[in-house]
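> Return atomic coordinates for the entry below.
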Amino acid sequence: MDNPVPVPTEISQAFTEIAQGSRLTWHTVEECGAPARGSSFDQVNTLYPFEKVSDRARHYVTAALQHMLMWADHAAPFKFHPEQVVFFTLRPSYTLARAALEGAAQAVWLMDTQDPAVCVQRHLKLIRWDLQEHRKSTSTSRARNGLRNVMPNC
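Down below sits the predicted model:
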């Protein structure tokens, strides 16, 4: 950052398009209601009503978009103050991009099947994986054992 270099216009334009696309997608996802009767999500939610697959998919997509919006607010804010300078560094941008890709990839993997039973299986695998990750992050053995009681094979 000792020698800042101006971002070329074509890259700045691409940043703006990505940022605006992320913002528009966010609003679209926010306006999506419950799954339509007879839709794929409705069928899968009926197969496994305990924790809706449609909710999990929405949460993964929302998480991905939240990371993109954080990047957008930094790289292409709606309003610039006349003296404002944005120092664009790659590593934080890559970190946000990776998190966005991870959330989106989980949603795609969950939904990328025509078979409702396979979708439910994937949903349960993601639940189990989340519990395993949560167990790893707990700081006390008592909390880890409590999670083991919920999911003994984790």
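
> Low-confidence ranges, this structure, go.
For the chain, the stretches with pLDDT under 70 are 1-2, 141-154.

> Show me the helices in it, by range?
Along the chain, the segments classed as helices by DSSP state H run 9-31, 40-47, 53-75, 90-111, 116-137, 141-150.

> I'd like to know which elements the second one is packed against.
Judged by 3 or more CB pairs under 8 Å, 6 or more residues apart in numbering; DSSP states H and E, helix 40-47 is in contact with helix 53-75, helix 116-137. Backbone N, C-alpha and C define where each C-beta goes, glycine included.

> just those helices: most buried one?
helix 53-75 (a mean of 19; mean count of other CB atoms under 10 Å).

> How far does that helix sit from its chain's centre?
Relative to the centre of its chain, helix 53-75 is centred 4 Å away, using CA atoms, centre = their mean, to the nearest Å.

> Let me have the helices and strands packed on helix 40-47 in JSON lines, adding distance to residue 41 as columns.
Conversion of the helices and strands packed on helix 40-47 to JSON lines gives the following (distance: least, CB to CB, whole Å):
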{"stretch": "helix 53-75", "distance to residue 41": "4"}
{"stretch": "helix 116-137", "distance to residue 41": "9"}
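
> The ones you listed: which one's closest to residue 46?
helix 116-137 (8.4 Å; CB to CB).

> and that closest one with helix 40-47, angle?
For helix 116-137 against helix 40-47, the angle by axes from the mean of the first three to the mean of the last three CA atoms, to 10 degrees is 70 degrees.

> From residue 83, how far off is residue 5?
Distance, residue 5 to residue 83, by CB to CB, to the nearest Å: 19 Å.
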